[in-house]
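Undergrad: sharing a model prediction with you, sequence too.
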Amino acid sequence: MTTEDGAGPHGALPGETEWDGETYQRRFDDLARSGVDVHGEVDFVMGYAPDAVLDAGCGTGRVAAELDRRGVEVVGIDRDASMIATARAMAPGVEFHVGDVASTEIGRTFPLVVMAGNVPLFTPEGTQAALVAGCARHLGSAGLLVAGFQLGRGYPVERYDADCRAAGLEFVARWSTWDGDRFDPAGGYAVSVHRLTT
């Protein structure tokens, strides 16, 4: 199980709380206890063997905490304070920031930035290009941006690809699931990988 079903935080402005982090995280905890694999995004990211990752729009830190558990240095950022409070409680050894990756500077770059959980769909309409550019600013040379989000919800992959190009990113590959299933344009989900070229 991954967040391909539409789950995702991100919507409040910095310092505001629109989501309840504990309630949101409880859903994934319950799924994990029932035996569902909730770490498909992490399995996918680990295929690129990054030594450090920025989890952009990290929510409650589910992905960041698992990356940390697997020995990856990870930093998480989300603009919802409630989500970050839950993330800090769940993974106290991970560095988390309250802020919008579109405008916040972490002060370092990463070989890989991941946006899991429909992050581009939970940013205000018209700001997706700034979100992508913010992710690109945090990539090191030839760094990878990995993003998964639902289709048919107002942000088509063609527009995402155009935003990536404008941010200096080139298309690498696309799948329909975090499990690496072949991409189907008529499907409901896309996992895209782009590489920094500038």
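TA: Happy to help now that I have it. Numbering: from 1, shown residues only.
Undergrad: okay, now the unreliable bits of the protein?
TA: Scanning the chain for pLDDT under 70 picks out the ranges 1-38.
Undergrad: show me where it has its strands.
TA: 52-56, 73-78, 95-98, 110-115, 139-150, 169-175, 189-196 (DSSP state E).
Undergrad: reformat those strands as a markdown table; add mean neighbour count.
TA: (Glycine included, C-beta is placed from N, CA and C.) Formatted as a markdown table, those follow (neighbours: other Cβ atoms under 10 Å):
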| stretch | mean neighbour count |
| --- | --- |
| strand 52-56 | 27 |
| strand 73-78 | 25 |
| strand 95-98 | 18 |
| strand 110-115 | 25 |
| strand 139-150 | 20 |
| strand 169-175 | 16 |
| strand 189-196 | 22 |
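Undergrad: using CSV, lay out the ones you listed together with distance to T86.
TA: Formatted as CSV, the strands of the chain follow (distance: least, Cβ to Cβ, whole Å):
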stretch, distance to T86
strand 52-56, 14
strand 73-78, 10
strand 95-98, 10
strand 110-115, 19
strand 139-150, 21
strand 169-175, 29
strand 189-196, 25
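Undergrad: and the ones you listed: which comes nearest E66?
TA: Ranking the strands of the chain by proximity to E66 (Cβ to Cβ) places strand 73-78 first, at 9.1 Å.
Undergrad: partners of that closest one, with directions?
TA: strand 52-56 (parallel), strand 95-98 (parallel) (DSSP bridges).
Undergrad: residues contacting the spatially most central residue of the chain?
TA: For the chain, the residue sitting closest to the mean C-alpha position, by Cα atoms, centre = their mean, is M115 at 1.7 Å. The contact partners of M115, taken as Cβ atoms under 8 Å, 6 or more residues apart in numbering, are A56, G57, L131, C135, L145, V146, A147, G148, F149.
Undergrad: tell me which stretches of the protein form helices.
TA: For the chain, helices defined by DSSP state H occupy the ranges 21-33, 40-46, 62-69, 81-90, 128-137, 157-166.
Undergrad: would you turn these into a markdown table with distance to D100 and mean neighbour count?
TA: Listed next are the helices of the chain as a markdown table, based on distance: least, Cβ to Cβ, whole Å; neighbours: other Cβ atoms under 10 Å:
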| stretch | distance to D100 | mean neighbour count |
| --- | --- | --- |
| helix 21-33 | 17 | 15 |
| helix 40-46 | 21 | 21 |
| helix 62-69 | 17 | 24 |
| helix 81-90 | 12 | 21 |
| helix 128-137 | 7 | 22 |
| helix 157-166 | 16 | 16 |
